[in-house]
Structures are given as structure tokens and as C-alpha cells.
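>>> model this:
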Amino acid sequence: MSEKELQKIIVELWEIVNRLEKNYFEDGKKFTIDGHLLGSIGEVYAKEKFKLTLYNNSAKTHDAIDEVTKKEYQIKITQRNKVGLRHEPKNLIVIQIDKTGMPNIIYNGNGEPVWNLIKNKKAEQKFISIKQLEKIKANA
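Next up is the predicted model:
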């Protein structure tokens, strides 16, 4: 790939980021390339798919609420085979992006069984594998 081609791709990415920020301005979502991009994509994807209301970026544990059921959700998105949690969520949505960029809902349910499986891990951020989430989902 040439430098010119790479520059073109980077400019396209910035255009996409700008479009996302304009479309989700009211939700206060930032799509900065430095780390918020994937998380914010997961949050707005869950918002649209499940008709949620998003909290501001500074919310501690939960990212959104279902205004009808009043359930709060932490939303996680990953390209890997695990996600990390710092706090016990009331409800959890986990989205995995496949190699084509397609988002897949891996988990949408109660946060308690997920937290109970990982809460005794010593690290500040506790990780759970996609396979473990699928087992919890299957047993729900």
C-alpha cells in the first residue's frame, strides 16, 4: 500500500467518525480514534438494536437504560475472545465483532451470573471469555 492510499483510508475513517458523532451528538457519544471508537460503536449499536437510552460517557457502571423496563445495561464490545468488567452490572450486553466487521450479540442478560463467575479474580479489571458467556446464556 502506498502512502497516498493509506492517507486516503485514514481520511475516510475520520469522515466516518465525524458522521457517527453528528448522528449521535444528542447521546453525547465520542468516537475518538484513540480508544472510544469501538466502545461507542457498541453502545450506539445496542441503543438501536434494543431501543435503549444511553447515559453520558462518564457513567460509572452502566451505559444505558431501557426506558420501558427500567433495566440498566453495561455494554461491552470486543474483537477478541473476552471482555473485561470492573464493576458488577445489573444487566450486560456483550457484542463481538467478527472478521468482516459484523456485530453479533453474544450475551444479553442478567449481570449477576457473569460477575459471580469472575468476581474473585485479583485484577482490577476482570475478564470473562466469550465461551463462558455462551455457557451462561445457554443455562439461563
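>>> for the helix or strand where Leu133 lies, buried residues please.
According to DSSP states H and E, Leu133 maps onto helix 130-139. Neighbour-count burial for helix 130-139 flags 130, 132-133, 136-137 (criterion: 16 or more other CB atoms under 10 Å). Backbone N, C-alpha and C define where each C-beta goes, glycine included.
>>> now, which of those sits nearest Lys60?
Comparing the buried residues of helix 130-139 against Lys60 with CB to CB places Leu133 closest, at 21.9 Å.
>>> find the nearest non-adjacent residue to the closest one, please.
Spatially, and ignoring its direct neighbours in sequence, Leu133 is nearest to Tyr107 (4.3 Å; CB to CB, 6 or more residues apart in numbering).
>>> and the lengthiest helix in the chain, what does it pack onto?
What stands out as the longest helix in the chain, according to DSSP state H, is helix 3-23. Under the contact criterion of 3 or more CB pairs under 8 Å, 6 or more residues apart in numbering; DSSP states H and E, helix 3-23 touches helix 36-50.
>>> now name the helix or strand holding Phe127.
Assigned by DSSP H and E, Phe127 belongs to strand 126-129.
>>> list the buried residues in that strand.
Buried-residue list, strand 126-129, by 16+ other CB under 10 Å: 126, 128.
>>> contact partners of stretch 24-36?
Here stretch 24-36 makes contact (CB atoms under 8 Å, 6 or more residues apart in numbering) with 13-14, 17, 20-21, 37, 40-41, 43-44, 47, 54, 56-57.
>>> what are the phi and psi values for Lys119?
phi -60, psi -30 (degrees, to the nearest 10).
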